[in-house]
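> pasted the sequence and its predicted model underneath.
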Amino acid sequence: MTNFDPILPVVVLDSAASAEMLGAALVAAGIRQAEVTLRTPAALDALRILARTPGLRVGAGTVLEEAQVDDAVDAGAVFVVSPGLDGSVLAAARRRGVSAVPGIATATELMRARTLGVRTVKFFPAEPLGGPGAVKALASVFPDVSFIATGGIGPQRAREYLVLPSVIAIGGSWMVPQETIAAGDFAAVERLCREALVPG
């Protein structure tokens, strides 16, 4: 199982040309992991470039089906993240030897994930579903499960999640804004990432 650091940048890239500079900015800021969402045509090429960045573990996000697991792992992903729970995605990840983090929103989905052998889940979308309070409630019933909370989290709320023992990481895009990357302002990305590592 991939060991996650507390801050997981969720990256959406419109152009793979930005990937090399982005990777350098992340590592310079002290970030050691990133999730590249498979939402754009450039995603796999960008993932491939980022995966070559020394000191950076790269995974694929928005993985919806089995074939995407193979594509992502072939591109260098060491973990895959899904917005929901799909047994075929979990099976494909196990076959390829990478970690899979499925998304859950309810206790029923979490019970299904546990039945499938999952012990780390993505709580998504975290803020609309009740935020840290909802995670705390689920954790009280499922003490053997760890959570990566994503969805609407910003720097103002980061610490509220990270102080929960059950939360091993939070995912967000506030430190890697799509428009800032597109503008080539990697100094700003580095600054935002540094600030994210010490949430207020």
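That came in fine, so what should we check first?
> which element is Pro132 on?
Element membership for Pro132 (DSSP states H and E) is helix 131-141.
> what residues of that helix count as buried?
131-132, 134-136, 138-139 (16 or more other Cβ atoms under 10 Å). For every residue, glycine as well, the C-beta is placed using N, CA and C.
> what separation is there between the residue sitting furthest away from the middle of the chain and Pro102?
Distance from the C-alpha centroid of the chain, by Cα atoms, centre = their mean, peaks at Val141 (23.8 Å). According to Cβ to Cβ, to the nearest Å, Val141 and Pro102 sit 18 Å apart.
> just to revisit the earlier point, how about a markdown table for the buried residues of helix 131-141, with distance to Val58 and pLDDT added?
Output for the buried residues of helix 131-141, formatted as a markdown table (distance: Cβ to Cβ, whole Å; pLDDT from 0 to 100):
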| residue | distance to Val58 | pLDDT |
| --- | --- | --- |
| Gly131 | 28 | 98 |
| Pro132 | 27 | 98 |
| Ala134 | 29 | 98 |
| Val135 | 25 | 98 |
| Lys136 | 30 | 98 |
| Leu138 | 28 | 98 |
| Ala139 | 28 | 98 |
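> what's the burial count for the nearest residue to Pro125 once chain neighbours are set aside?
Spatial nearest neighbour of Pro125, chain neighbours left out: Gly151 (2.8 Å); criterion: Cβ to Cβ, 6 or more residues apart in numbering. Around Gly151 there are 20 other residues, counting by other Cβ atoms under 10 Å.
> quick one: the helices in the protein?
In the chain, the segments counted as helices under DSSP state H are 19-29, 43-50, 66-75, 87-96, 107-115, 131-141, 158-162, 178-182, 186-196.
> of these, flag the one that's most buried.
Mean neighbour count, computed with mean count of other Cβ atoms under 10 Å, is highest for helix 43-50 among the helices of the chain, reaching a mean of 23.
> now that one: how far from the chain's centre is it?
15 Å (Cα atoms, centre = their mean, to the nearest Å).
> what do you get for stretch 189-200?
16 Å.
> not counting that stretch itself, show me its contacts.
6-7, 9, 22, 25-26, 28-31, 155-156, 158-159, 162, 172, 174-177, 180-181 (Cβ atoms under 8 Å, 6 or more residues apart in numbering).
> mind listing what the residue nearest to Ala100 when sequence neighbours are not counted touches?
Using Cβ to Cβ, 6+ apart and skipping the chain neighbours, the partner closest in space to Ala100 is Ala93 (3.5 Å). Neighbouring residues of Ala93 by Cβ under 8 Å, 6+ apart: 69, 80, 99-100.
> related to what we said a few turns ago, quick check on the residue nearest to Pro125: phi, psi?
phi 110, psi 90 (degrees, to the nearest 10).
> ok, it touching Ala134?
No. In this structure Gly151 lies outside contact range of Ala134 using Cβ atoms under 8 Å: 11.2 Å.
> no more questions from me, cheers.
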